[in-house]
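*Asks:* sharing a model prediction with you, sequence too.
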Amino acid sequence: MEMAERVEAIRQKLNQYGYEYYVLDRPSVPDAEYDRLMNELIVIETDYPELRSQDSPTQRVGGAPLDAFVKVTHDTPMLSLGNVFSKEELVEWVERIEKDLGYSPLFVAELKFDGLAVSLKYEDGRLVRGATRGDGTTGEDITQNLKTIRSIPLRLNEDVTFEVRGEAYMPKRSFEHLNDERERLGEPLFANPRNAAAGSLRQLDSKIAASRNLAFFAYGLVSTDDLVASHDESLAYLRRLGIAVSQEYKTCHTADELWDYIETYVTKRSELPYEIDGIVIKVAAYEEQEQLGFTAKSPRWAVAYKFPAEEVVTTIEDVDFSV
Ligand code: NAD
């Protein structure tokens with residue numbers, strides 16, 4: 001097959017899988033298959049620059065927002081993350097950061113929660129808006145659904161105005177309980193907690209979200225240099241304000257320390273009460289993050305180590321968005 005034809009075939013598949021995953025919350029292939037094709041496409045587009053295209057899935061974040069919801073424009077885009085799949089790739093990423101900065105920075109390693117990215121806006125300490133990532137620029141206003149999540153405070157301990165980013169997820173126990181119930185009722189099962197969480201939050205009736213026992217972890221603050229100077233400080237600050245922050249994160253100085261953290265969670269992963277699909281590594285200081293900047297799709301100062309696949313795709317609920 002001609003290289004251009006191969007590229008077209010991969011793009012078509014990735015667009016179809018992306019639509020099923022992001023828009024329908026109903027994937028037809030395991031994440032590892034999606035990641036494998038995406039990486040093949042990245043390699044081809046690197047080797048054959050003439051085949052690059054602005055509308056390639058390698059250049060895009062997420063999926064289009066659903067028409068059923070009011071659209072929200074993100075002041076600061078909600079991006080994706082670059083991936084590494086091995087220790088060698090992690091070491092290369094760390095070396096690139098060190099080369100760009102001219103020295104070795106402090107990193108924060110944290111869990112990659114497998115749910116739905118959401119943005120929470122607080123004004124004078126009150127939750128005024130919650131939105132999905134959508135295509136990164138435009139998301140869906142799901143404030144009413146997010147207000148049903150107990151780990152999202154409606155009122156903070158201080159009257160601050162800012163935007164918090166984090167992951168809404170379905171704990172493993174809620175997921176098992178939900179699927180047991182659906183099996184009993186003869187209803188189709190959800191494939192995994194991620195799709196169950198996304199399907200629950202993108203329902204127009206917030207009673208459904210309220211019944212699904214969802215949870216939330218914050219993993220970042222947007223434009224708050226005046227409040228904190230680094231990512232680890234932001235996590236501690238958010239916790240003080242009453243927002244749920246996972247305490248499993250760790251500051252690390254070297255690629256070896258980061259790899260130790262990853263190995264710890266490869267083992268611990270099954271004991272956690274929620275699903276994680278990898279580890280996220282971020283350069284800690286905001287000043288250094290600014291210096292490193294962004295690509296079209298992801299920050300250069302962060303990367304995700306993706307765990308090897310362990311999921312199986314089963315029958316999934318048909319979410320009826322017309323209600
Ligand atoms: P991603 O999952 O690779 O990484 C970005 C996301 O990570 C963020 O939007 C955020 O939601 C999440 N995240 C969790 N914990 C975080 C933390 N501590 N800090 C920062 N972010 C954190 O994002 P993506 O680009 O939406 O998704 C691509 C992945 O989705 C693919 O690698 C694939 O595994 C999966 N996918 C699967 C299919 C399929 O058909 N099976 C289709 C599309 C995408």
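*Replies:* Yes, it's here. Numbering: from 1, shown residues only.
*Asks:* for the rest of this, base every contact and every neighbour count on C-alpha atoms.
*Replies:* Will do.
*Asks:* give me the most central residue, the protein.
*Replies:* Centroid-nearest residue in the chain, with CA atoms, centre = their mean: residue 117, separated by 4.8 Å.
*Asks:* leaving out sequence neighbours, find the closest residue to that one.
*Replies:* Nearest residue to residue 117 in three dimensions, chain neighbours excluded: residue 167, at 4.7 Å (CA to CA, 6 or more residues apart in numbering).
*Asks:* in CSV, list the C-alpha atoms belonging to whichever strand or helix holds the one you found.
*Replies:* Per DSSP states H and E, residue 167 falls inside strand 162-169. Taking Å, rounded to 0.1, in the frame of the first residue of the first chain, the C-alpha atoms of strand 162-169 are listed here in CSV:
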residue,chain,number,x,y,z
PHE,A,162,-10.2,30.7,39.6
GLU,A,163,-10.5,27.7,37.3
VAL,A,164,-9.7,24.2,38.5
ARG,A,165,-9.1,21.3,36.2
GLY,A,166,-9.6,17.7,37.2
GLU,A,167,-11.0,14.3,36.5
ALA,A,168,-14.6,13.2,37.2
TYR,A,169,-14.6,9.4,37.6
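*Asks:* picking that back up, specify the beta-bridge partners of the residue nearest to residue 117.
*Replies:* Beta-bridge partners for residue 167, by DSSP bridges, are residue 117, residue 217.
*Asks:* and the gap between it and residue 87?
*Replies:* 26 Å (CA to CA, to the nearest Å).
*Asks:* looking at the two, which one has more neighbours?
*Replies:* residue 167 (20 against 15; other CA atoms under 10 Å).
*Asks:* separation between that one and the ligand?
*Replies:* 6 Å (CA to the nearest ligand atom, to the nearest Å).
*Asks:* pretty sure residue 191 sits in a strand.
*Replies:* No. Counting by DSSP: H, G, I helix; E, B strand; the rest coil, residue 191 is located in no strand; its state is coil.
*Asks:* and it, how many neighbours does it have?
*Replies:* Residue 191 has 21 nearby residues by other CA under 10 Å.
*Asks:* for residue 306, same thing?
*Replies:* Residue 306: 20 neighbours (other CA under 10 Å).
*Asks:* ditto for residue 81
*Replies:* By the criterion of other CA under 10 Å, residue 81 has 18 neighbours.
*Asks:* give me the pLDDT value at the closest residue to it other than its chain neighbours.
*Replies:* Nearest residue to residue 81, sequence neighbours excluded (CA to CA, 6+ apart): residue 298, at 5.0 Å. At residue 298, the model reports a pLDDT of 94.
*Asks:* pretty sure residue 38 sits in a helix.
*Replies:* Yes. Per three-state DSSP, residue 38 lies within a helix segment.
*Asks:* my read: it touches residue 60, true?
*Replies:* No. At 11.4 Å, residue 38 and residue 60 do not qualify as touching, with contact defined as CA atoms under 8 Å.
*Asks:* pLDDT (mean, whole number) over the one helix or strand residue 96 maps to?
*Replies:* Residue 96 belongs to helix 87-101 when elements are defined using DSSP H and E. Averaging pLDDT along helix 87-101 gives 98.
*Asks:* what segments of the protein are helices?
*Replies:* Listed in chain order, the helices found in the chain under DSSP state H are 3-18, 31-47, 87-101, 143-146, 172-184, 193-201, 206-210, 231-241, 255-268, 286-292.
*Asks:* what's the shortest one in contact with?
*Replies:* To tie it back to what came earlier, the one meant is helix 143-146. Contacting residues not belonging to helix 143-146 are listed as 128-131, 152, 201-203, 205-206, 209-210 [CA atoms under 8 Å, 6 or more residues apart in numbering].
*Asks:* at 10 Å instead, please
*Replies:* With contacts defined as CA atoms under 10 Å, 6 or more residues apart in numbering, helix 143-146 is touched by 118-121, 127-132, 152-154, 168, 200-210, 214-216.
*Asks:* selecting buried members of these in PyMOL, what would you type?
*Replies:* The following PyMOL line selects those of those that are buried, judged by 16 or more other CA atoms under 10 Å:
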select buried, resi 118+119+120+121+127+129+130+131+132+152+153+154+168+200+201+202+203+204+206+208+209+210+214+215+216
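*Asks:* on that earlier part again, pretty sure the residue nearest to residue 117 sits against residue 113.
*Replies:* Yes. Counting by CA atoms under 10 Å, residue 167 touches residue 113, with 6.6 Å between them.
*Asks:* who touches both of those two?
*Replies:* 216-217, 219.
*Asks:* thinking again about what came up before, residues touching the residue nearest to residue 117, list them.
*Replies:* With CA under 10 Å, 6+ apart, residue 167 has these contacts: 112-119, 132, 215-220.
*Asks:* do the same with residue 184
*Replies:* So residue 184 contacts residue 178 (CA under 10 Å, 6+ apart).
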